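**Student:** I would like to see how this sequence folds:
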Amino acid sequence: MRSHVPQSFLALPVLMLGTAGAHAQDLSLSLGNDVSLTGLSVQLFLIVALLGFAPGLLIMATCFPFIITVFSILRQAIGLQQSPPNMLIISVALVLTYYIMDPVLMEAWHNGLQPLMNEQLSAETAFPRIVEPFQVFMMARVDPETLASMADLRANASGIELDPASPPLSVLVPAFLLSEMSNAFQVGFLIFLPFLIIDLVVAAILMSMGMMMVPPALVSLPFKLAFFAIANGWTLISESLVAGYF
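**Tutor:** As a prediction, this is how the structure comes out:
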């Protein structure tokens with residue numbers, strides 16, 4: 001029997017690519033016997049485009065945009081341009097995303113993807129079961145006003161009224177993404193305030209000492225780093241971000 005962690009870890013790439021199995025399998029792809037060369041080229045182009053777009057779409061349906069935006073604002077508030085490096089910031093955000101999204105990934109795996117791989121469900125039946133946990137997650141976080149605005153825009157463009165209680169993914173995903181970015185900026189504002197106070201205090205002290213040629217940001221940087229380290233800032237902020245989803 002496999003453990004819980006490997007299945008959950010495999011769920012993310014499996015959901016992105018739609019091709020994975022619990023055991024090694026032969027992968028075959030049939031586009032039909034009566035497809036012309038032009039039709040075959042178009043279908044292959046669409047498949048490659050879908051595989052390239054799917055990872056980004058899956059990331060947009062998770063908490064990754066919120067976490068990476070908060071971390072970027074935090075780095076700017078401290079006054080560091082390249083430390084921690086972008087790769088490390090993204091890695092931490094991905095790890096926290098996996099930690100938060102683990103129940104959602106496991107539900108999608110057990111309810112839809114695993115039965116599909118075992119040929120217990122058809123693709124038409126399995127896809128709604130795979131998507132449903134992500135829809136529930138996004139509906140719990142999306143801003144109702146943003147969702148209503150996106151639904152109204154779609155209704156005005158297509159002339160079809162949408163039910164805000166069960167919007168399609170094409171409306172829910174952008175509304176969720178905008179809501180997460182808005183929440184991230186609100187959290188970033190609160191994170192920015194203590195560091196801004198340190199900058200103002202240092203600037204006032206330098207002005208009172210007549211050291212107007214000394215950049216305040218250069219002098220305040222060690223104090224901000226010390227304040228952040230003493231407060232165990234990375235752990236504190238990460239715990240707060242994670243707690244907001246549970």
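**Student:** ok, and what's touching the helix or strand that contains N156?
**Tutor:** Counting by DSSP states H and E, the element that carries N156 is helix 144-158. Under the contact criterion C-beta atoms under 8 Å, 6 or more residues apart in numbering, helix 144-158 has outside partners 160-162, 164, 167, 170-172, 174-175, 178-179, 182. All C-beta spots, glycine's among them, are computed from the backbone N, C-alpha and C.
**Student:** List the buried residues for that helix?
**Tutor:** Of the residues in helix 144-158, those buried under the neighbour-count criterion (16 or more other C-beta atoms under 10 Å) are T146, L147, M150, A151, R154.
**Student:** who wins for neighbours among the contacts of helix 144-158?
**Tutor:** Note: the member of these with the most neighbours is A175, at 24 neighbours, neighbours being other C-beta atoms under 10 Å.
**Student:** Who are the contact partners of it?
**Tutor:** Residues in contact with A175, defined by C-beta under 8 Å, 6+ apart, are V142, D143, T146, L147, S149, M150, A151, P167.
**Student:** All the strands of the protein, residue numbers only.
**Tutor:** Per DSSP state E, the chain carries no strands over any range.
**Student:** so what's the most centrally placed residue in it closest to, chain neighbours aside?
**Tutor:** For the chain, the residue whose C-alpha lies nearest the mean C-alpha position (C-alpha atoms, centre = their mean) is F64; its distance is 2.2 Å. If the residues on either side of it in the chain are set aside, F64 comes closest to T97, at 4.4 Å by C-beta to C-beta, 6 or more residues apart in numbering.
**Student:** what's near enough to touch that neighbour?
**Tutor:** I59, T62, C63, F64, I67.
**Student:** Check the gap between it and V202 for me.
**Tutor:** When C-beta to C-beta, to the nearest Å is applied, the distance between T97 and V202 equals 35 Å.
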